[in-house]
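J.: The sequence and its predicted three-dimensional model are supplied below.
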Amino acid sequence: MARFQLASGETLVGKGSMSLKQRWGLSSQLYQGTIYVTNRRIFFHMSLSGTILMDVALSDVKGFSVSRILFVTAVTIHSRSGEQFMLTGFPAKKLQNWLLQLGILRLK
């Protein structure tokens, strides 16, 4: 089982329990875990299995967008290669602030 570890010179900006929405074929599923935002990357570690579902270097992040799913705020991180990672949960507002603090652009 993989664990989150900081690399040399990497500092934690924030972390929180969130859900990551992953699309598999025609369906999608929410996975519970922890989002970690550092001065170098954004990392999502799935709670149940310990699987790493997201590990994106900040240099590979194009920006983020914010949407609503019913009454829940969703933050979608967009990579330069076109990948999208939709995250929901209590720290969604904090996640936005962490990304802005790191200079990640909010996309319209």
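T.: Cool, the structure landed. Numbering: from 1, shown residues only.
J.: This structure: helices as residue ranges?
T.: For the chain, the helices defined by DSSP state H occupy 92-101.
J.: With adjacent residues omitted, what lies nearest to residue 16?
T.: On the basis of Cβ to Cβ, 6 or more residues apart in numbering, the spatially nearest residue to residue 16 that is not a chain neighbour turns out to be residue 91, at 3.3 Å. (C-beta placed from N, C-alpha, C; glycine too.)
J.: and the gap between residue 53 and residue 17?
T.: With distances defined as Cβ to Cβ, to the nearest Å, the gap from residue 53 to residue 17 amounts to 14 Å.
J.: hey, what's in contact with both of these two?
T.: Both residue 53 and residue 17 are in contact with residue 33, where contact means Cβ atoms under 8 Å, 6 or more residues apart in numbering.
J.: ok, back up a step: the residue nearest to residue 16 touches residue 13, doesn't it?
T.: No: between residue 91 and residue 13 no contact is recorded; they are 12.0 Å apart, counting by Cβ atoms under 8 Å.
J.: could you measure residue 28 against residue 106, distance?
T.: In this view, residue 28 and residue 106 are 23 Å apart by Cβ to Cβ.
J.: repeat for residue 47
T.: Shown here: residue 47 relative to residue 106, a distance of 28 Å by Cβ to Cβ.
J.: now swap in residue 96 and tell me
T.: Following Cβ to Cβ, the distance that separates residue 96 from residue 106 is 7 Å.
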